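In: one predicted model, sequence on top.
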Amino acid sequence: MKNFNDYETVIGLEIHAQMKTQSKMFCGCPTQFGEEPNTQTCPVCIGMPGVLPVINKLALEFTIKTGLALGSSISGFSRFARKNYFYPDLPKGYQISQFELPICEGGFVMLNVDGVERRINLTRIHMEEDAGKNIHEGAGNFSYVDLNRAGVPLMEIVSEPDIRTPKEAAVYVRKLRTILRYLDVCDGNMEEGSLRCDANVSIRPQGTEALGVKTEIKNINSFRFIEKALEYEIERQKRVLGEGGRIIQETRLWNTSAGITESMRSKEEAHDYRYFPEPDLVPLVVDEAWIAEIRKQIPELPDEKIQRLVGDYKLPAYDADLLAAEKQTAMWFEETVSLGANPKDVSNWMMGELMRLLNEKGVAIEASLITPTHLYGLIRLVADGTINLKTAKTVFEDMFSSGKTAAQLVKEKGLVQISDVGELEKAVEAVITENPNETARYKAGETKLTGFFVGEVMKKTKGKANPKAVNEILRRLLG
């Protein structure tokens, strides 16, 4: 049996991103997710005879904007093609896509994987319409077809086979999702199918250039499943070759419950789809002036924002990377700092308490009851000694659930920090008297017991003692 380590993995990804348009690719039907089945359809998107498609200009603009952001060449002349195949969720019997003349060619995505920079090149970005949805679960002996999604505008972003590990694949998809969300062209909601991934994976002997026989894994809809599906498929292919078998070019599905990939059908080649130019749509001619206008709309992108957060605010790269992962999060950070808060203090609160609570409650940062003004007010109360850090964390949770300001909560609950030396000395003396064994051990050299004494003072003062002042008094009284 051949050693598994003798093989190199080659992965290429096709990302299908649903564009944030209000209407479909070739008709005026809405694209709202979750509506009653077959209520967002018309003769055009259900393929009635004699109807004519009309291109969604905003979808074209979004695709060009994405291509420019990713360094693609924008084609002045492109056209749509018919991709012919039969499936119940494809009412016309063909999908309108792009084939030999896509709107965007080339481009790249830069990754940082475990501190190593990787450039993943793109083959193309093209537009197409989505198919409908087959529903098998809970239908007994029947399958149902929901055509609400038929005709929804998609961008297909196709990478070169430059990815080498499942982790790289997950990092690539995450980075691409972040860029699309910064551009505001796709909401990136993988659970709703707004961002889906098909993975082409093969293995080849180390040191060779020829590509091995590839399999395609369809419609992976989470970062975790991307890694898991690829890990399984790579090991499956190694096992087949190691046992003297051969890889069959096929399409496979990821079975999430079983944790395996399963054969779906033999993999089609381009000629199997009988592509030909779409006769009902004229070629697209895009002039340089419009491209220049779209280029002006491109915002600061994640990599640029990370560099600026590090340069302007002196944040560690780790903080900047985490804050820039979502555009709204980065904006929230900068708004808080603009009020006068220390950047690192803001970063610490956001990466710790704020993100923890947002994740626990499933709330988006823009919907949070805590605003940048709220956090700035809390940071000021800690800085001026009104409350200590432990109390501040309790206040933060209360702000998150109530929407009240830190000043309101501190006043309502009587949480003002005790800094009066005389009052603190009484509390410290009481703790020393109540704990003679620990006091003797401390005086014998066990200075690590300082934390114990501080904790006991905090209990006695209901968390309101000034920790710095308590430490100073302890050192003085215990010697």
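Out: Arrived safely.
In: how close does V201 sit to V158?
Out: Separation of V201 from V158 (Cβ to Cβ, to the nearest Å): 15 Å. The C-beta positions use only the backbone N, C-alpha and C, and glycine is treated the same way.
In: these two: which has the busier surroundings?
Out: Remark: of V201 and V158, V201 carries more neighbours, 27 against 18, as counted by other Cβ atoms under 10 Å.
In: am I right that the more buried one sits in a strand?
Out: Yes: assessed with DSSP: H, G, I helix; E, B strand; the rest coil, V201 lies in a strand.
In: wait, it sits on V213?
Out: No: the criterion here is Cβ atoms under 8 Å, and V201 misses it with V213 at 10.4 Å.
In: break down the stretch 251-400 of the chain into its strands, ranges please.
Out: 260-266, 276-277, 284-285 (DSSP state E, counting those that start in this stretch).
In: so which strand or helix has the residue most central in space within the chain?
Out: Central residue of the chain (Cα atoms, centre = their mean): R174, 5.0 Å from the mean position. Per DSSP states H and E: R174 is located in helix 166-183.
In: packing partners for that helix?
Out: strand 7-18, helix 57-69, strand 108-113, strand 116-129, strand 195-205, helix 223-242, helix 302-313 (3 or more Cβ pairs under 8 Å, 6 or more residues apart in numbering; DSSP states H and E).
In: one step back: quick one: contacts for the residue nearest to the centre of the chain?
Out: R174 makes contact with F223, according to Cβ atoms under 8 Å, 6 or more residues apart in numbering.
In: low-scoring pLDDT stretches of the protein, where are they?
Out: Along the chain, the parts satisfying pLDDT under 70 run over 1-5, 138-139, 267-268, 270, 417-420, 479.
In: quick check: domain ranges of it?
Out: 4-293, 302-413, 421-478 (automatic domain parsing).
In: hmm, back to that, of the strands of the stretch 251-400 of the chain, which is nearest F26?
Out: strand 284-285 (13.1 Å; Cβ to Cβ).
In: picking up where we left off before, closest one to K361 among the strands of the stretch 251-400 of the chain?
Out: strand 260-266 (34.1 Å).
In: how about the contacts made by K20?
Out: By Cβ under 8 Å, 6+ apart, the neighbours of K20 are 62, 184-187.
In: scratch that, V428 is what I was asking about
Out: V428 touches 453, 457, 470, 473-474, 477, counting by Cβ under 8 Å, 6+ apart.
In: out of these, which end up buried?
Out: In terms of neighbour count (16 or more other Cβ atoms under 10 Å), the buried residues within these are 453, 457, 470, 473-474.
In: of these, which belong to helices?
Out: 453, 457, 470, 473-474 (DSSP state H).
In: count of neighbours near I370?
Out: 26.
In: shouldn't it be in contact with M350?
Out: No: assessed by Cβ under 8 Å, I370 is found out of contact with M350, at 10.0 Å.
In: buried sites along stretch 459-470?
Out: 460-461, 463-466, 469-470.
In: please read the previous query as pertaining to stretch 105-118.
Out: Per 16+ other Cβ under 10 Å, stretch 105-118 contains these buried residues: 105, 107, 109, 111, 118.
In: what's the second one sitting at in phi/psi?
Out: Torsion angles at G107 (phi, psi; degrees, to the nearest 10) stand at phi 110, psi 180.
In: so how far is K20 from it?
Out: 20 Å.
In: nearest residue to L58 in space, please, no chain neighbours.
Out: T21 (5.0 Å; Cβ to Cβ, 6 or more residues apart in numbering).
In: name the SS class of the one you found, please.
Out: T21 - assigned by three-state DSSP - is coil.
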